[in-house]
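Undergrad: Sequence plus the predicted model coming up.
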Amino acid sequence: MKRTLFSAVVIAAASVTASAQEAPGRINLNDPNLVVVNSSVIPIPLEIFASLDKLGNQDWSKQVENREIKLDTNRSRTAMLFGLVVSDGFIAVQAQDKEAVRRIGREVLRLASSLAVASEVEQHANAIVNAAGQSDWGVCRRELDRTRQTVLNKMAKQRDDELVGLVSLGGWLGGTQALAAVLKGNYSIEGSDLLNQPDLVKQLKKDFNTLPARAKRGKVFGQIGQTLEHLESLMRADASGAISKGKVIEISLATNNLVAAIYES
Amino acid sequence: MRVERLLLLLLAGAATLLPVASLAQEAPASESPTPPPPVLDEVKLIAQRAALAHLGGEKPFILRESSWSGEIEPGQAKLVQVQLFKRNDYHFWIAVPDRRAAIHLNLYDSKGELVEATAHRYESPNVASLVASPAETGVYYLRIAVEATAKEPQRWVVVYAYR
């Protein structure tokens, strides 16, 4: 079996336009018979930053923050913090801030210990710290993504599905906060479309709302629900495909307040 | 040389023990009621190996660790919702284990219109990929389909990269 699988090594043989294949030119997304896979993959911040940087270099260094993390026994909050810190790592990689990436690598390990997944994360955290020392940003980026995925896999295996969702939410929140802050300082109609994520926010909100009450203990979790509700209406482009500067400022304020509340709660 | 290094790194990453029927590595869905035994995710590895050739060169794609997965019946199609960002190029790879199973991958926008994309075919029909450059930031749908020629339901994995 293994032999068959591995022999399926793939060599790109030909390229054709997708429209030439036997695929329908249009699908009715309201068709009740359509089977939509019930899972989502949250884009990492670097994926979004890559698009924004194509409009010109941005000053990501202003988005690198050094916040003190006080851990408590609330694992849901720790999961959110884990997502936020990994997202900070991506921002620091984008800013090519060696010291910040090293610090974040160590912080990732501390948070992983608190979530009882340290042994899985250790090699990745060490790789992040070492690669940052050599300014090998490609390795830093890959190891941060691996760290994140490794933790999600481990949590899923442990049936900690609630924490999986919160890690993803934290990561998305951190990236959105940085993106909105950069756009607020350097607004462009073209760049603003990156915040057009109503369906993604809707999915995150739905996932959050369906978490059991035990996973949402603490005042900050009430604020998360409210902020997601607010963001869903803000992160929707107008007819021209843009998000106004006023909305960008509101998104920046809302995400900044929520991130601060999670760190300080 | 660079490709060899990438292969080693990929294999190291793929060596992580994964639940075989986990439906999404981002936020696992609930199609599988009991935890399966941990095994190497070989189907994901096939998709990742297909991606290798595109991770180097002048305009390399950056491969994400996350993936989507599930099971699909012969002759059936499924949709995977993805959030894409304008100005980026995206490359999606799909793989199923049965080398005789022909699979297809297409991209649709939020109105259900087929998006123009470059499709890549591989040595065997159980692997396919497409490259697309979204005209707008927003939600898109990957349509995955397995031809009825396949004998049995296929576990599928989709991985993606951006640049």
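TA: Perfect, thanks for sending it. Residues are numbered from 1 along each chain as shown, chains lettered A, B, ... in the order given.

Undergrad: which residues of the chain score low on pLDDT?
TA: Chain wasn't specified; assuming chain A. A:1-21 (pLDDT under 70).

Undergrad: Correction: the question concerned chain B.
TA: Residues of chain B meeting the criterion pLDDT under 70: B:1-39.

Undergrad: After whichever strand in it runs longest, which helix or strand is next?
TA: For chain B, the strand with the greatest residue count under DSSP state E is strand B:62-72. For strand B:62-72, the following helix or strand on the C-terminal side (DSSP states H and E) is strand B:77-84.

Undergrad: and that next one, how far out from the chain's middle?
TA: How far strand B:77-84 lies from its chain's middle: 11 Å, per CA atoms, centre = their mean, to the nearest Å.

Undergrad: How about the residues of the stretch 51-200 of chain A by chain B?
TA: Counting by CB under 8 Å from any CB of the partner chain, the stretch 51-200 of chain A comes close to chain B at A:51, A:54-55, A:141-142, A:145-146, A:148-150, A:152-153, A:156-157, A:159, A:161, A:164-165, A:168, A:193-194, A:196-197, A:199-200. Every C-beta, even on glycine, is put in place using the N, C-alpha and C of the backbone.

Undergrad: Name only those of those residues that count as buried.
TA: A:51, A:141-142, A:145-146, A:148-150, A:152-153, A:156-157, A:161, A:164-165, A:168, A:193-194, A:196-197, A:199-200 (16 or more other CB atoms under 10 Å in any protein chain shown).

Undergrad: thinking again about what came up before, filter the residues of the stretch 51-200 of chain A next to chain B down to just the ones in helices.
TA: Per DSSP state H, helices hold the following members of these: A:51, A:141-142, A:145-146, A:148-150, A:152-153, A:156-157, A:161, A:164-165, A:168, A:199-200.

Undergrad: Now do the contacts for residue A:102.
TA: Applying CB atoms under 8 Å, 6 or more residues apart in numbering or on different chains to residue A:102 gives the contacts A:128, A:129, A:132, A:133.

Undergrad: ugh, typo on my part, it should be residue B:64
TA: Counted by CB under 8 Å, 6+ apart, residue B:64 has contacts A:41, A:44, A:47, A:145, B:159, B:160, B:161, B:162.

Undergrad: for residue A:166, same thing?
TA: So residue A:166 contacts A:76, A:79, A:80, A:83, A:211, A:215 (CB under 8 Å, 6+ apart).

Undergrad: Can you tell me the SS state at the fifth one?
TA: Same thing as residue A:211. For residue A:211, the assignment made with DSSP: H, G, I helix; E, B strand; the rest coil gives coil.

Undergrad: Report how many residues lie close to it.
TA: Close neighbours of residue A:211, defined as other CB atoms under 10 Å in any protein chain shown, add up to 19.

Undergrad: Tell me, how many residues neighbour the closest residue in space to it that isn't next to it in sequence?
TA: Nearest residue to residue A:211 in three dimensions, chain neighbours excluded: residue A:162, at 5.3 Å (CB to CB, 6 or more residues apart in numbering or on different chains). Look at residue A:162: counted by other CB under 10 Å, it has 19 neighbours.

Undergrad: can you tell me how far residue A:162 sits from chain B?
TA: Per CB to the nearest CB, to the nearest Å, residue A:162 is found 11 Å from chain B.

Undergrad: Over to whatever residue of chain A ends up closest to chain B. Which of the three states is it?
TA: Chain A approaches chain B most closely through residue A:39 (3.0 Å), counting by CB to the nearest CB. At residue A:39, secondary structure determined by three-state DSSP is coil.

Undergrad: ok, it touching residue B:66?
TA: No: using CB atoms under 8 Å, residue A:39 is not in contact with residue B:66, being 9.9 Å away.

Undergrad: List the buried residues for stretch A:60-71?
TA: A:60, A:63, A:64.

Undergrad: sorry, that was for stretch B:86-105
TA: Buried residues in stretch B:86-105 (16+ other CB under 10 Å): B:86-99, B:101-105.

Undergrad: Using CSV, write out the CA atom coordinates for that stretch.
TA: Taking Å, rounded to 0.1, in the frame of the first residue of the first chain, the C-alpha atoms of stretch B:86-105 are listed here in CSV:
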residue,chain,number,x,y,z
LYS,B,86,-6.4,40.0,-4.3
ARG,B,87,-2.9,40.4,-5.7
ASN,B,88,-1.8,37.0,-4.4
ASP,B,89,-1.4,34.0,-6.5
TYR,B,90,-2.7,30.7,-5.0
HIS,B,91,-1.8,27.2,-5.9
PHE,B,92,-4.0,24.3,-4.6
TRP,B,93,-3.1,20.7,-4.9
ILE,B,94,-5.5,17.8,-4.3
ALA,B,95,-4.6,14.1,-3.9
VAL,B,96,-6.4,10.8,-3.3
PRO,B,97,-4.7,7.5,-2.7
ASP,B,98,-6.0,5.4,-5.6
ARG,B,99,-3.8,6.1,-8.6
ARG,B,100,-6.6,5.1,-11.0
ALA,B,101,-9.1,7.6,-9.5
ALA,B,102,-9.3,10.7,-11.7
ILE,B,103,-9.9,13.9,-9.7
HIS,B,104,-10.7,17.4,-10.7
LEU,B,105,-10.2,20.7,-9.0
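
Undergrad: Could you find the closest non-adjacent residue to residue A:197?
TA: residue A:235 (4.9 Å).

Undergrad: Tell me, how many residues neighbour the one you found?
TA: 25.

Undergrad: residue contacts, it?
TA: A:195, A:196, A:197, A:198, A:201, A:243, A:251.

Undergrad: Mind doing that once more with 10 Å?
TA: A:176, A:180, A:194-202, A:228, A:243, A:247-248, A:250-251, A:254 (CB atoms under 10 Å, 6 or more residues apart in numbering or on different chains).

Undergrad: for residue B:135, same thing?
TA: A:241, B:84, B:86, B:109, B:115, B:116 are the contacts of residue B:135 under CB under 10 Å, 6+ apart.

Undergrad: Pull the contacting residues for the fourth one.
TA: With contacts defined as CB under 10 Å, 6+ apart, residue B:109 is in contact with A:26, A:29, B:84, B:115, B:134, B:135, B:136, B:138, B:139, B:140, B:141.

Undergrad: Report the separation between the fifth one and residue B:69.
TA: According to CB to CB, to the nearest Å, residue B:134 stands 23 Å off from residue B:69.
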